[in-house]
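with the input below, show me the fold.
(chains A and B)
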Amino acid sequence: MSPVLAAAAPQANPGLPAQLLVILLAAALTDNILLTRFLGMCSFLAISRQMKTSVGLGVAVVFVTTCTAALNYLIHVFITVRLGIEYLEYILFIVVIAAFVQLVEMIVERFLPPLYFALGIFLPLITVNCAILGVSLFMITKEGYGFWQSTVFGLGSGLGWLLAIVLMAGIRSRIREDKIPEGLRGAGITLVITGIIALAFVGFSGMLTF
Amino acid sequence: MAFFVAVGTLCGICGVLAALLVLADRYLNDYGACTLTINDGRKTLEVPGGSSLLSALNAERIFIPSACGGGGSCGLCKLKVLSGGGPVLATETPHLSDAEVRSGVRLSCQLKVREDMRLEIPEAFFRIREYRARLEAKTPLTHDIVLLRLELLEPGTMAFTPGEYVQLQAPAYARSPTPVYRAYSLAGDPGDEHHIELIVRLVPNGICTTWVFEHLRVGDTVHCNGPHGEFRLTDTDREMLFIAGGSGMAPFRSMLAQMAHTGSQRRCRYFFGAVERRGMFCLDEMREYERVLPAFRFIPALSAPAEGDAWEGETGLITDVVNRHCPDCSNLEGYLCGSPGMIDACVRVLTGNGMPEEQIFYDKFA
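Numbering: from 1, shown residues only, chains lettered A, B, ... in the order given. Now for the predicted structure:
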């Protein structure tokens, strides 16, 4: 967890909106789930080849992380903590995520066909995106998070993931014609670039600590 | 006590979620009745929406070829959808060329029926029937390949062209909760309208082949539909090269039976590959065809004969054997049946030796 939140959360109640904004920015930038924890890498590497699909997958991730963070927060507070079965959260969270994605897919397909055709295959794909489960699991380790804090944390993490994949898609579309050594093409150069971007994001946390 | 709380909670939550999904499927996936207008109104069907076009047509006894059983991996179930199909899905694009997309070709297994649709279905598909048959014999050809002989019960006859295939239904059993269809080339004599023969190779953990090997007994009733496919002999005079391995024997066995009936004088060489002697079969039958058909030669080859195989025929990979025998393929026709890897390798050898691609025909096991 970033030093920002550790410092921000216990402060003498700076007002909920301000706190939520800090959580949002921290989750999206300083604590970017993809660039600081390297979660959700496989779809990131595979999909970032094209801008259009990157945006599609990114938006789907934002939506699902936000909703599942809220749902899993409720499960955490009202079920697992009360019954003392926190150790089951890994299983419960992933089941909730899987069922939620299925449900959303059906609803979107029925009522928003254009969105369904745009996101299409991405919705079921992100059921197994580890960033989604990661968000839920990190969320419950944060001190003093209530329902809104958790939801915004989910939203921010999703936005961070979206930002990272869109950045990468932009870079990859520009280096498509470049002469990259054979052995580095594809995943290789993408990982190298990801590392460099990650360093830049470390800069964000450096900027905000004081 | 804690144990029961944990298990109970887990089961409870999973149960609630499952019930929610079942309910959602019931209400959200209900698209009401949709009308399918086929070939400019030659046929109209009223089908319940919500299922794939392939299964909706199947339920109306119109059988569209599909080797993978609706999984979106074989690309055989293409149909022209003139209206009501919606945009092309990401799961379809790998199987469609740009020209096909422009003319409205879709994969019917991926496309869901949501509204009224206008379709074009080739007339040949209406010839396809669902057959009920009885297993008359199950003969082992090698340790992992069997020959099935089916007596057609209802309808009682099937007219087919050698090279075509049927889709055999494996009923629901322990390995598969729903019936699945798998494609097998017709391996029998097309002159015998009352029987069909199939050659099935055991695929480890395969749903259909495991059923054939472990559960199917002589006398059982089976279901299949067909005939499907466009793999067949041309009517030119060019010399033909048949190349096959394993259960790829099937279409050629049927073609040779027909050539024997018509007394074909067309030159033909048949390269048949196996790893070792125990994988080789139908040798006597092929020697018999060599006797009946003066222009036919059978060239079996083993890629790695086991010790004690006492093999006097060709050895080496089938591609190397073909390469040795046919340095110039420019005026030959190639007919291939086998695994995708084998076919790709053979196509490379044949084109490398001068065979134009339009003279190569193949039946890839999907």
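
burial count for the residue of the stretch 1-150 of chain B found nearest chain A?
Residue of the stretch 1-150 of chain B nearest chain A, by Cβ to the nearest Cβ: residue B:17 (3.9 Å). C-betas here are computed from N, CA, C, even on glycine. Residue B:17: 18 surrounding residues under other Cβ atoms under 10 Å in any protein chain shown.

which ones are touching residue B:239?
By Cβ atoms under 8 Å, 6 or more residues apart in numbering or on different chains, the contact list for residue B:239 reads B:266-269, B:331-333.

scratch that, residue B:173 is what I was asking about
B:211, B:215.

in the chain, which spans are helices?
Just going to use chain A. A:3-8, A:16-25, A:41-47, A:51-75, A:81-83, A:89-111, A:113-119, A:122-125, A:130-139, A:147-174, A:187-208 (DSSP state H).

wait, chain B
Using DSSP H, helices in chain B cover B:2-28, B:53-59, B:98-102, B:123-127, B:207-214, B:249-262, B:283-292, B:318-325, B:340-352.

now the last one: average pLDDT?
This means helix B:340-352. Averaged over helix B:340-352, pLDDT sits at 92.

what's it packed up against?
strand B:239-245, helix B:318-325, strand B:332-338, strand B:360-364 (3 or more Cβ pairs under 8 Å, 6 or more residues apart in numbering or on different chains; DSSP states H and E).

now for the third one, which elements pack on it?
In other words, strand B:332-338. Against strand B:332-338 (3+ Cβ pairs under 8 Å, 6+ apart) you get strand B:239-245, helix B:249-262, helix B:340-352, strand B:360-364.

how much does that strand deviate in direction from strand B:239-245?
If you take axes from the mean of the first three to the mean of the last three Cα atoms, to 10 degrees, strand B:332-338 sits at 20 degrees to strand B:239-245.

for strand B:332-338, list the C-alpha coordinates in PDB.
The C-alpha coordinates for strand B:332-338 follow below in PDB (Å, rounded to 0.1, in the frame of the first residue of the first chain):
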ATOM      1  CA  LEU B 332      -0.600 -34.500 -60.400                       C
ATOM      2  CA  GLU B 333      -3.500 -34.000 -58.100                       C
ATOM      3  CA  GLY B 334      -3.000 -34.300 -54.300                       C
ATOM      4  CA  TYR B 335      -5.700 -35.700 -52.000                       C
ATOM      5  CA  LEU B 336      -4.800 -35.500 -48.300                       C
ATOM      6  CA  CYS B 337      -6.600 -36.700 -45.200                       C
ATOM      7  CA  GLY B 338      -5.100 -36.600 -41.700                       C
END
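
name the residues that touch that strand?
Contacts to strand B:332-338, defined as Cβ under 8 Å, 6+ apart, come from residues B:185, B:231, B:233-234, B:236, B:238-246, B:248-252, B:255, B:326, B:342-343, B:346-347, B:350, B:355, B:359-365.

can you say which of those residues are buried?
With neighbours counted by 16 or more other Cβ atoms under 10 Å in any protein chain shown, the contacts of strand B:332-338 contain buried members at B:185, B:231, B:233, B:240-246, B:248-252, B:255, B:326, B:342-343, B:346-347, B:350, B:355, B:359-365.

residue B:201 touches residue B:210, doesn't it?
No - at 11.7 Å, residue B:201 and residue B:210 do not qualify as touching, with contact defined as Cβ atoms under 8 Å.

more crowded one of these two?
Remark: of residue B:201 and residue B:210, residue B:201 carries more neighbours, 22 against 19, as counted by other Cβ under 10 Å.

how about the contacts made by the more buried one?
By Cβ under 8 Å, 6+ apart, the contact list for residue B:201 reads B:144-145, B:209, B:246-247.

using CSV, lay out those residues together with distance to chain A and pLDDT.
As requested, the contacts of residue B:201 are exported to CSV (distance: Cβ to the nearest Cβ, whole Å; pLDDT from 0 to 100):
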residue, distance to chain A, pLDDT
B:144, 35, 93
B:145, 37, 95
B:209, 29, 92
B:246, 34, 89
B:247, 33, 90
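
what's the farthest-apart pair in these?
B:209 and B:246 (12.0 Å; Cβ to Cβ).

what count of nearby residues applies to the closest residue to residue B:191 other than its chain neighbours?
For residue B:191, ignoring the flanking residues on the chain, the nearest one in space by Cβ to Cβ, 6 or more residues apart in numbering or on different chains is residue B:261 at 5.6 Å. Look at residue B:261: counted by other Cβ under 10 Å, it has 12 neighbours.

I figured residue B:261 was touching residue B:254, is that so?
No - Residue B:261 lies out of contact with residue B:254 (Cβ under 8 Å); the separation is 11.0 Å.

list residues touching both of the two?
Joint contacts of residue B:261 and residue B:254 (Cβ under 8 Å, 6+ apart) are residue B:189.

returning to that earlier point: between the contacts of residue B:239, which is nearest chain A?
Nearest to chain A among those, with distances taken as Cβ to the nearest Cβ, is residue B:332, at 37.6 Å.

count the neighbours of that closest one for me.
21.

next: residue B:324.
Residue B:324: 11 neighbours (other Cβ under 10 Å).

mean pLDDT for the helices of chain B: which is lowest?
The minimum mean pLDDT among these belongs to helix B:123-127 (a mean of 81).

by mean pLDDT, point me to the weakest helix or strand of chain A.
Across the helices and strands of chain A, mean confidence by mean pLDDT, DSSP states H and E is lowest for helix A:3-8: a mean of 45.

and residue B:94, how many neighbours?
10.

what parts of chain A come near chain B?
Selection of chain A residues close to chain B by Cβ under 8 Å from any Cβ of the partner chain yields A:75, A:79-80, A:83-85, A:88, A:91-92, A:95-96, A:99, A:102-103, A:106-107, A:109-110, A:113, A:117, A:120-121.

any regions of chain A where pLDDT drops low?
A:1-14, A:118-121, A:208-210 (pLDDT under 70).

point me to the residue of it nearest chain B.
Chain A approaches chain B most closely through residue A:99 (3.9 Å), counting by Cβ to the nearest Cβ.
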